[in-house]
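Undergrad: With the input below, show me the fold.
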Amino acid sequence: MENTKAKICAVSLSDTEELLEIYAPYVEHTAISFEYDVPSVEEFAERIKTRRDTYPYLVARDSERLLGYAYTSPFVGRAAYAWSAQTTIYLREECRNRGIGRALYEALEKVCAAQNILNLNACIGFPEKEDEYLTKNSVEFHSHMGYQTVGLFHNSGYKFGRWYHMVWMEKLIGEHSEKPKRVIPFRELNDGILEKCGVSRRGSRHHLYL
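TA: Here you go, the predicted structure:
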């Protein structure tokens, strides 16, 4: 594994075009994303806006560019699900297997714990047989990160003329008490808490070395 020096930061809207550059190949050339069309820069920016105040949206960068990103979003969206969040991660293809995904997910998990989130859930495309569009790497990555498969939905995604399964994986990161603590929106977490999670806001000198 090649060591990479990177910094984990909260997303900025100025990152939009570079994040879309990372995401587009997953839409165009893989079944990792079940989208058919690459969103516009404006649409992608709107997606960031709708998440970043309530949920962590983190980017990994080195001195030259963004290497990948990870975020959480609502799980289903009903009030009773407030203590659960859905995770998403994408990396530049050439940045895989360098520990960047692990660093992003570890930081994401720490931030979610600071928010009093208890359950992390991942929705992942899963092939009956691996092909040029989809492998089992994502499921294997999540397993290494401590997630467990809790559901398999058969032939639920159709892309590139093929049917793909979808699995749900989960990781429990907190205690489920009778009176859970209030979920704290990301915007209310101060810089000190984020720094303890290995995350910086723009302008911080705190670095995480991978």
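Undergrad: does the residue of the chain most remote from its centre count as helix, strand or coil?
TA: Distance from the centre of the chain peaks at Glu178, with 28.6 Å (CA atoms, centre = their mean). Three-state assignment for Glu178 (DSSP: H, G, I helix; E, B strand; the rest coil): coil.
Undergrad: same question, the one 4 residues further on
TA: Reduced to three states with three-state DSSP, the structure at Arg182 is coil.
Undergrad: ok, the residue nearest to it when sequence neighbours are not counted - contacts?
TA: Closest residue to Arg182 apart from its sequence neighbours, by CB to CB, 6 or more residues apart in numbering: Asn116 at 6.5 Å. (Each C-beta comes from the backbone N, C-alpha and C, glycine too.) Asn116 sits next to Trp83, Gly174, Pro180, Lys181, Arg182, Val183, Ile184 when contact means CB atoms under 8 Å, 6 or more residues apart in numbering.
Undergrad: mind redoing it with 7 Å?
TA: By CB atoms under 7 Å, 6 or more residues apart in numbering, the contact set of Asn116 is Gly174, Pro180, Lys181, Arg182, Val183, Ile184.
Undergrad: Put together TSV for these, with distance to Val199 on each row.
TA: Formatted as TSV, the contacts of Asn116 follow (distance: CB to CB, whole Å):
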residue	distance to Val199
Gly174	18
Pro180	23
Lys181	20
Arg182	21
Val183	18
Ile184	14
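Undergrad: from those, which single one is nearest Ala60?
TA: For the contacts of Asn116, the residue nearest Ala60 by CB to CB is Ile184; the value is 23.3 Å.
Undergrad: Give me the buried subset of the contacts of Asn116.
TA: The neighbour-count criterion (16 or more other CB atoms under 10 Å) marks Gly174, Val183 among the contacts of Asn116 as buried.
Undergrad: could the contacts of Asn116 be laid out in a markdown table, adding pLDDT and distance to Cys197?
TA: Shown next, in a markdown table, are the contacts of Asn116 (pLDDT from 0 to 100; distance: CB to CB, whole Å):
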| residue | pLDDT | distance to Cys197 |
| --- | --- | --- |
| Gly174 | 97 | 14 |
| Pro180 | 97 | 20 |
| Lys181 | 97 | 17 |
| Arg182 | 97 | 18 |
| Val183 | 98 | 16 |
| Ile184 | 98 | 13 |
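Undergrad: now, which of the contacts of Asn116 sits nearest Cys9?
TA: Closest to Cys9, out of all of those and judged by CB to CB, is Ile184, at 19.4 Å.
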